[in-house]
Every structure is written in C-alpha cells, then in structure tokens.
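1. Quick check, what structure comes out for this input:
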Amino acid sequence: LERSERQLRTLIEKAPDAYILFDAEENVFSEINAYAEALFLLTNEEVEGKTVHQIDILSPEQADIAEFIIRETIRDGFAGPYEFELIRKDGKTIVVEVYASLAVIQARTILIGTARDVTWRRNAEQALIRSKDDLEQRVRTKTAHVIKASERLRKEISSHKQTENVLRKTEEQSRILIQKMNDGFAVFDRHMVFTYANDRLCRMLGRSANWLLEHSLFDLVAPEEVEALRASLERPRNDGHGIFETVLIRDDSTRIHAIVSPETLLDSQGNPESLFSVITDISRIKTMENAIRESEEMTRSLINASRDSVVMLDRHGTVLMANDTMARLLNTASGDMKGKNIFSLIRSTRTPVRRLKLKEAVDKNEPLIYEDRIGGRYYVLHIYPIAERDGNVERIAVFARDVTDLRIAEQHIHSLSQELIKIQETERHRI
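-> Below is the predicted model:
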C-alpha cells in the first residue's frame, strides 16, 4: 500500500499534465506539481494554503467558477471539462482544459484537478474560422467584380482559374485534415441536423454518414440528456455555445460519454447560419474515474487510462509495467512487454541516442524531455526517474505523447497562410 501510494504521488508529481491538489476540508490549495508550476508560472509556495480568490492568475469571475467546480466535485465526485483563459506573469495568455475528481489521501478529502494546455487547439479553431471568413469574403469580392467588370474578368480568365485552383487545393487540404482528426467532427444546420460528419465520428457512433445526414444530434443523445443538451445549446458563450458533456447512443445501443465543443458560424449579416463541433469520446476517462477508487489497481488503472503511451522501466531499461497505448505503439501486447528490454522492442538507428537519454535522466536523477519519431509519428517523451528512500534511482517512468496531429496542423496552417499571401499578392498586382 505504501509503495502504491508512493507510485501514485510520483505519477502526479512527474506527469506531463498540470495536477492541482485542493484540500476540500480546509478550502485551500495544498500542492501543485512541477508541470503546473511551469504552465502557470507559479511556485508551490505561492499557491499552498491559499483560497481560489487569492490566486493572482484567476480573475474574480474565474475564481467564482473555480468555487463552483469545487462544490460540484464534492457533490458528484467529479467535474469537468471546463475551460479557463489565464494571463500569466509574463503577460502570455493560455487556455487550459480542467477536470476534477475527489480522492482520499492520508485520511483527508482531497480534490485532484488536472489542467491541460489547449491553447494550440483554440488557436487552430480560430485560424480555421478566420480562414473560412477570409475565403467567403474573397468569393463575395469576386462576385462583385463579375457584376461591375465582366469584360475585365474575361481578359483575366487565366489568372482567375489559377485562383480557383488554389482555393480548391486549400479546401481539399482542410477536408483531409478534418477527415484524419483523432476526434469526431460534425457540421450542423440551425436545427442541429447533420450536414457533414467525418469518418472518425461515424466509427465512434457506429453509424454511416448517410444515416447521420438524415438525423439530428438530438436523435443520438440519451433520453435523459436531451433537455441538458438543449439548455447547453441555448446558453451562449461569446460567438459559440461553450463546451459541455453528454451521453450518445451508438447503433448497437451502447452508450459513450462525449465532450461536445460547438462553435457557431455566422452569415454575412452576422446571423447564425450553421454550427460545427469537435466531438471527443471520453468513455475511457469515465472508466478511469471509477478505477481510481480501486486502491489495489490504482496505479495500473491510472496508467492504462492515460491518453499518452506510458511505460515503467527499471534502471537498465527492463519493462516493469506498460499501458495498452504503449503496447499498440510497439505493435505488441502489454502483458508480453513485461520483463523485456525496451530497446529490444524499439529497434532503430536511434537506439544509441535513446539509451543516452535514459542514462542521462538516471545519472542526474532529473526529469528529461525531448522529441522523437517512432513508427513515422512525432512524440514528446517525458522521462522521470523514480528514486527510492535511499536516493538511488531504481525505476523510470516514461510518458510518450503523440503530437503528430499538432505538427500536421501547424504545417497546414503555415501552408494555408503562404497560399493566402500568394493570392493576396496576385490580387494586388492585378489591381
């Protein structure tokens, strides 16, 4: 039990997500992990023993929301997801997605909050909306030119065709990016009837695209969730509806828990025209919340519930424990990995470099983070040495986060920006 609790605390302290521990009995923060310190630019000393209204990066309105989350977690055992837009000491604005759950640690009721930096996702969504608005404006401009200067456009038909080819190429790139997303993506009309669904959403719901195009989101929601969904959609947040959780019914009648992140698209007069949303399956997270309550399997459940690939090694690289995500990454079963050397499972020309990284983390007894490519995909690896009471490092926890989609999105946004710049330059020379 002591070893399990020590492993749990090590995982919280070393995990590549921000963990916030809040003493529900004293109504003050008790601890944040190293990742949270780096993300929020706050030290443990600046947070420990303070209430939510005493934390500088929280506005009074955000502090009120944080207190609501605390009450919800104490009442229901969990809460989230919630998004916070925070301004750090360095003036940088970040967006974090927060979940909270309740646990008993050393006979005290502790609220465990996890915060993940989703600034890149917010920026990507905003960039996508800006790109769509920019393209719509260009189409309107072209139409006006046709009406006012049809003769000039006929002379420039070659250039016009070139512009159309660029726009078609941009649309195709956006379509491919959406189709390859790890999350579901859908577009709805103003009555919430599907007008588009990507392949991932069809697989998630066990429905064909044709079936979805004949139904609305309300046809898929569990009966007891319909009114909550309607209320969430009617509650405005900026230009969208905020992020909320619901329960969807698959074709085989099984249920999945999902996070819906809708955004409203407006017409040229500023009226709501349609709505698009990222739909994320969080059923595994729900399963993890239940598994946390099982003390004997707590460490293994936390590892298996992680969205990252996680492996626990001894100091020589022998696998002690691995989650299913890591097993799939290495094309094997998690049970078959135990007892094998990790470098024999990942054979490549980069093996010497990886050995040096592992040795460096063990020798210095300090965390080490670097980016690597495994199986043609990009991963950020977090190596955390775990020291015993005598100070010797006997085990190492390795978290591998797949950032391929983020890299592809960054490349696509950069490429799209270059294409738009070329179009603007062409239009400028034409005028």
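2. Pull stretch 38-57 out as CSV, backbone CA atoms only.
-> The C-alpha atoms that make up stretch 38-57 are tabulated as CSV, following Å, rounded to 0.1, in the frame of the first residue of the first chain:
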residue,chain,number,x,y,z
ALA,A,38,5.9,25.6,-15.4
LEU,A,39,2.5,26.0,-17.1
PHE,A,40,1.1,28.7,-14.7
LEU,A,41,4.5,30.4,-13.8
LEU,A,42,3.6,29.9,-10.1
THR,A,43,5.6,28.2,-7.4
ASN,A,44,4.2,25.8,-4.9
GLU,A,45,4.9,28.3,-2.2
GLU,A,46,2.7,30.9,-4.0
VAL,A,47,-0.2,28.5,-4.1
GLU,A,48,0.0,26.4,-0.9
GLY,A,49,-2.5,27.4,1.8
LYS,A,50,-4.4,29.9,-0.4
THR,A,51,-8.0,30.1,-1.4
VAL,A,52,-9.1,30.4,-5.1
HIS,A,53,-9.7,34.1,-4.6
GLN,A,54,-6.0,34.6,-3.5
ILE,A,55,-4.5,33.2,-6.7
ASP,A,56,-3.3,36.1,-8.9
ILE,A,57,-3.9,34.5,-12.3
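3. ok, residues contacting that stretch?
-> By C-beta atoms under 8 Å, 6 or more residues apart in numbering, the surrounding residues in contact with stretch 38-57 are 18, 20, 27-32, 36-37, 58, 60, 63, 66-67, 70, 86-90, 94, 96, 115, 117. For the C-beta atoms, the positions are set from N, CA and C on the backbone; glycine is no exception.
4. What's the ChimeraX line that selects buried ones from those?
-> One line in ChimeraX is enough to select the buried ones among the contacts of stretch 38-57; burial here means 16 or more other C-beta atoms under 10 Å:
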select :18,20,29,30,31,32,36,37,58,66,70,86,94,96,115,117
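5. Show only the entries of the contacts of stretch 38-57 found in strands.
-> Among the contacts of stretch 38-57, the residues falling in strands (DSSP state E) are 18, 20, 28-32, 86-87, 94, 96, 115, 117.
6. give me the low-pLDDT residue ranges for the stretch 301-431 of the chain?
-> Applying pLDDT under 70 to the stretch 301-431 of the chain flags the ranges 301-302, 413-414, 417, 431.
7. can you pull out the helices in it?
-> For the stretch 301-431 of the chain, the helices defined by DSSP state H, counting those that start in this stretch occupy 324-329, 334-337, 342-345, 351-364, 404-430.
8. As CSV, the ones you listed with mean neighbour count and distance to residue 129 would be great.
-> Conversion of these to CSV gives the following (neighbours: other C-beta atoms under 10 Å; distance: least, C-beta to C-beta, whole Å):
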stretch, mean neighbour count, distance to residue 129
helix 324-329, 19, 31
helix 334-337, 16, 40
helix 342-345, 17, 43
helix 351-364, 15, 39
helix 404-430, 14, 12
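9. Report the rounded mean pLDDT for the top helix by length along the chain.
-> Using DSSP state H to assign secondary structure, the helix with the most residues in the chain is helix 119-148. Averaging the model's pLDDT scores along helix 119-148 yields 81.
10. What is it packed up against?
-> In this structure, helix 119-148 packs against strand 93-105, helix 150-155, helix 157-179, strand 255-266, helix 404-430, with contacts taken as 3 or more C-beta pairs under 8 Å, 6 or more residues apart in numbering; DSSP states H and E.
11. coming back round to it: the helices of the stretch 301-431 of the chain: which one's closest to residue 275?
-> Each of the helices of the stretch 301-431 of the chain was scored for nearness to residue 275 using C-beta to C-beta, and the closest is helix 404-430 (21.2 Å).
12. Show me what that closest one is packed against.
-> helix 119-148, helix 157-179, strand 377-387.
13. The last one pairs with which strands, parallel or anti?
-> Meaning strand 377-387. Note on strand 377-387: by DSSP bridges, its sheet partners are strand 368-374 (antiparallel), strand 393-402 (antiparallel).
14. Show me which residues of it are buried.
-> Buried residues in strand 377-387, counting neighbours by 16+ other C-beta under 10 Å, are found at 378-386.
15. just the longest one next, same as before
-> Residues of helix 119-148 classed as buried under the neighbour-count rule (16+ other C-beta under 10 Å) are 121-122, 124-125, 128-129, 131, 135, 138.
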